[in-house]
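Chemist: quick one: sequence plus predicted model below, questions after.
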Amino acid sequence: MISLISESMLRYLYNEMSSEESAHFLFFIENNPAMMEQYVQMREGLDVLNNIKFSPSRSSTDRIMVYAALNRFSMQ
């Protein structure tokens, strides 16, 4: 049951529910404080993940380029 609820939360957060499903989901979590708390935590986590910016270090890209040159990969 918990994995089904977590899956529903993810589907809602990623806008993968129909408007009817969304309405049912919102009704469910608004009337279940524990589920609302879990939903809020999941939404906050998703917000953090969406704001993280990653870029490889210069040494990582240099190693990749050396490896590509050794194996004659085309880097265009």
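Modeler: Ah, there it is.
Chemist: elements contacting the longest helix anywhere in the chain?
Modeler: Criterion DSSP state H: the longest helix present in the chain is helix 33-51. Judged by 3 or more Cβ pairs under 8 Å, 6 or more residues apart in numbering; DSSP states H and E, the packing partners of helix 33-51 are helix 2-13, helix 19-30. The C-beta positions use only the backbone N, C-alpha and C, and glycine is treated the same way.
Chemist: which one of these has the poorest average confidence?
Modeler: Ranked by mean pLDDT, the helices and strands packed on helix 33-51 bottom out at helix 2-13, which scores a mean of 84.
Chemist: who's in contact with it?
Modeler: Identification of contacts with helix 2-13 by Cβ atoms under 8 Å, 6 or more residues apart in numbering yields 16-17, 21-22, 25-26, 29, 35, 38-39, 42-43, 46.
Chemist: nearest residue to the middle of this protein?
Modeler: Among the residues of the chain, the one closest to the centroid is Leu46, at 5.6 Å (Cα atoms, centre = their mean).
Chemist: please list all residues in contact with that residue.
Modeler: Neighbouring residues of Leu46 by Cβ under 8 Å, 6+ apart: Leu13.
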